[in-house]
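>>> after the sequence you'll find the predicted model.
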Amino acid sequence: MITPAYCLTMARYNAWQNRAMQRAMETLSTEDLTRDRGAFFGSILGTVNHILWADQTWLSRLSDMPKPQGGIPESPNICPTLPVWSAERFRMDGRFILWAEALRALDLTGDLSWYSGVLKGDVKMPVARVVVHVFNHQTHHRGQVHAMLTAAGATPDATDLFAMPDAGPWP
């Protein structure tokens with residue numbers, strides 16, 4: 001289904017897009033970042049916090065990284081300010097890239113089991129499908145952030161994967 005090269009490309013894409021979002025967010029006031037915009041996680045900052053929390057949660061299931069505190073309801077509030085989020089996001093992007101660089105094809109086989117707070121039960125799914133979900137989740141919510149940034153008057157960068165500089169080998 002997927003390869004380690006695909007995972008590394010997507011981890012790099014994720015980091016590139018997060019840096020672009022940060023630059024656009026830095027052009028806005030704290031009020032603009034925290035204003036409820038009717039999105040599922042409320043504000044721009046709430047949504048990027050949720051993405052960060054979800055990345056931490058998924059990587060804790062896929063590696064030896066500790067699980068973050070709280071659940072989905074608390075996720076929009078894990079970082080109170082843009083500078084705190086920026087530092088945590090930088091660390092998380094580095095962890096994702098290191099994880100992807102160390103992947104072997106065998107690591108993407110078999111099943112992953114965990115307790116899902118969303119489904120209120122145990123889940124078992126192929127690892128490769130979980131990894132695809134992680135990257136899809138990031139992209140889905142970044143699309144929401146992109147729309148909110150644009151509506152707030154910021155000018156987000158391109159989001160197309162083919163526009164990413166130094167993408168490395170294509171899977």
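Right, received. Where do you want to start?

>>> what about this protein, any weak spots by pLDDT?
167-171 (pLDDT under 70).

>>> give me that answer again for 90
For the chain, the stretches flagged by pLDDT under 90 are 1, 116-118, 158, 160-171.

>>> helices along that one, start to end?
With DSSP state H, the ranges of helices along the chain come out as 4-25, 30-34, 44-62, 82-102, 127-151.

>>> indicate which one of those is closest to Gly117.
Between Gly117 and those, the tightest spacing by C-beta to C-beta is seen for helix 44-62, at 9.3 Å. Every residue, glycine included, has its C-beta placed from N, CA and C.

>>> how far out from the middle of the chain is that closest one?
On the basis of C-alpha atoms, centre = their mean, to the nearest Å, helix 44-62 is displaced by 6 Å from the centre of the chain it belongs to.

>>> could you tell me the angle between that helix and helix 127-151?
Comparing the axes of helix 44-62 and helix 127-151 via axes from the mean of the first three to the mean of the last three C-alpha atoms, to 10 degrees yields an angle of 170 degrees.

>>> may I see the buried residues of helix 44-62?
Of all the residues in helix 44-62, those buried under the rule 16 or more other C-beta atoms under 10 Å are 44-59, 62.
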